[in-house]
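# Mind looking at a prediction? Sequence and model below.
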Amino acid sequence: MGRDEPQLSRRLLLLAGLGLALPARAVRFEMADSVLVHKAERRLELIRDDEVLRSFRIALGLSPVGHKQREGDFRTPEGRYLLVERNPRSEFFLSIRISYPDERDQRAARAAGRAPGGAIMIHGLPNAPSRTPEYYRRTDWTNGCIAVSDTDMVDIWLMTARNTPITILP
């Protein structure tokens with residue numbers, strides 16, 4: 001595990017403390033140095049040294065085409081951000097906040113006389129689902145977040161650190 005061992009150990013303890021079952025391969029997770037999202041392909045990739053470590057199918061906001069412009073537009077932002085905050089007790093299975101809106105997003109929203117919105121996350125499924133599992137697998141269903149399966153969310157949680165860069169492409 002090398003240089004990431006103490007950080008990984010803390011994360012494994014945190015997930016175990018939450019009562020989450022951990023896959024046996026968790027002890028071999030490499031840490032990503034960046035995240036790349038391809039909205040059109042509905043794919044999130046964890047990258048280290050320009051190589052894809054893992055790739056995951058994603059769901060996006062209800063109106064996925066285009067960059068998020070304002071609060072309530074149901075779009076997922078596009079651009080370069082950071083993974084800035086983790087919430088193991090969110091209303092979804094784990095969540096990691098993305099640094100949207102940045103200064104550019106805030107200026108653009110102000111110029112349009114609108115609020116930019118916020119609380120854009122990578123997260124798992126709702127803790128209290130209101131739809132069938134099939135719906136969450138096949139539909140863009142978030143308010144602008146990036147959603148993955150709960151199992152995939154464990155991998156993303158374990159393989160990223162605070163301030164990991166994330167690039168979200170159209």
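Thanks, I have it.
# quick check: longest strand of the chain.
strand 79-87 (DSSP state E).
# Quick check: next helix or strand after it?
Next in sequence after strand 79-87, counting helices and strands by DSSP states H and E, comes strand 95-98.
# quick one: buried residues of the very next helix or strand once past that next one?
Downstream of strand 95-98, the first helix or strand assigned by DSSP H and E is helix 103-111. By neighbour count on 16 or more other C-beta atoms under 10 Å, the buried set for helix 103-111 is Asp105, Ala108, Ala109. All C-beta atoms are positioned from the backbone trio N, CA, C, and that covers glycine.
# backbone phi and psi for Asp150, please?
For Asp150, the backbone dihedrals (degrees, to the nearest 10) come out as phi -60, psi -40.
# show me the contacts for Arg43.
Val37, Ser55, Phe56, Arg57, Ile58 (C-beta atoms under 8 Å, 6 or more residues apart in numbering).
# Asn143 now?
With C-beta under 8 Å, 6+ apart, Asn143 has these contacts: Gly61, Leu62, Phe74.
# Now render the residues you listed as JSON lines, adding pLDDT, secondary structure and distance to Arg43.
Below are these laid out as JSON lines (pLDDT from 0 to 100; DSSP: H, G, I helix; E, B strand; the rest coil; distance: C-beta to C-beta, whole Å):
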{"residue": "Gly61", "pLDDT": "93", "secondary structure": "strand", "distance to Arg43": "16"}
{"residue": "Leu62", "pLDDT": "92", "secondary structure": "coil", "distance to Arg43": "19"}
{"residue": "Phe74", "pLDDT": "93", "secondary structure": "coil", "distance to Arg43": "20"}
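# Would you mind checking which of those residues is nearest to Tyr135?
Of all these, Tyr135 sits closest to Leu62, with 12.2 Å by C-beta to C-beta.
# what about the nearest residue to that closest one once chain neighbours are set aside, how many residues close to it?
Among residues not flanking Leu62 along the chain, Phe74 sits closest, at 4.0 Å (C-beta to C-beta, 6 or more residues apart in numbering). Number of residues near Phe74 (other C-beta atoms under 10 Å) recorded here: 16.
# mind checking how far stretch 119-134 is from the chain centre?
Counting by C-alpha atoms, centre = their mean, to the nearest Å, stretch 119-134 is centred 12 Å from the centre of its parent chain.
# Can you tell me the element the most centrally placed residue in the chain falls in?
Nearest to the geometric centre of the chain sits Ile122, at 2.0 Å (C-alpha atoms, centre = their mean). Per DSSP H and E, Ile122 falls inside strand 121-123.
# How many residues are close by the residue lying closest to Arg80 once chain neighbours are set aside?
Once flanking residues are discounted, Arg80 sits nearest to Thr167: 5.2 Å by C-beta to C-beta, 6+ apart. By other C-beta under 10 Å, the residues close to Thr167 number 15.
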